[in-house]
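> give me a 3D structure for the following:
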Amino acid sequence: MQSIAIIGASNNKDKYGNKAVRAYKQAGFKVFPVNLKEKTIEGLPCFTSILDIKEPVETASLYVSPEIGLNLVEAFAKKGIKQVYLNPGSESPAIIKKLKDKKIKVLQACSILAIGINPGAL
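Numbers count the residues shown, from 1 in each chain. Predicted structure coming up:
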């Protein structure tokens with residue numbers, strides 16, 4: 001089973017950080033919501049850091065500002081994340097460079113559309 005960490009996951013159903021959790025869950029992924037304040041999101045345990053997840057995670061999807069994302073790249077590398085979705089609004093030249101320097105594949109796309117789900121339908 002493929003796994004994904006949703007960074008900036010939310011309990012607000014209107015936010016893309018929540019739509020991504022629901023979309024990936026619906027598509028059969030093992031989903032790890034990451035949010036500093038929440039305990040659960042969509043019935044899943046929420047983690048304060050990607051490093052708190054005990055299982056391997058292949059992909060991360062960012063729903064945070066580029067500045068916050070930039071500070072997370074070291075943790076992604078340490079966790080062994082292979083690819084990161086930079087959703088619209090989370091990208092910057094600095095984060096792209098830092099991810100590439102760590103040999104992490106950069107996917108500049110809506111991670112929900114990438115699995116064939118229309119976020120507007122969620």
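> roughly how far does the spatially closest residue to Ile117 that is not a sequence neighbour sit from Phe32?
Of all residues not flanking Ile117 in the chain, Ala23 sits nearest, at 4.5 Å (Cβ to Cβ, 6 or more residues apart in numbering). To be clear about C-beta, it is placed using only N, CA and C from the backbone, and glycine gets the same treatment. To Phe32, Ala23 is 14 Å away according to Cβ to Cβ, to the nearest Å.
> how about the helices in this protein?
16-26, 66-79, 93-101, 111-114 (DSSP state H).
> export those as a markdown table, with columns for mean neighbour count.
Formatted as a markdown table, the helices of the chain follow (neighbours: other Cβ atoms under 10 Å):
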| stretch | mean neighbour count |
| --- | --- |
| helix 16-26 | 23 |
| helix 66-79 | 17 |
| helix 93-101 | 15 |
| helix 111-114 | 18 |
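> could I get those helices in TSV, plus columns for distance to Gln2?
Below are those laid out as TSV (distance: least, Cβ to Cβ, whole Å):
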stretch	distance to Gln2
helix 16-26	9
helix 66-79	15
helix 93-101	19
helix 111-114	12
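> any regions of the protein where pLDDT drops low?
Judged by pLDDT under 70, the chain has no weakly predicted residues.
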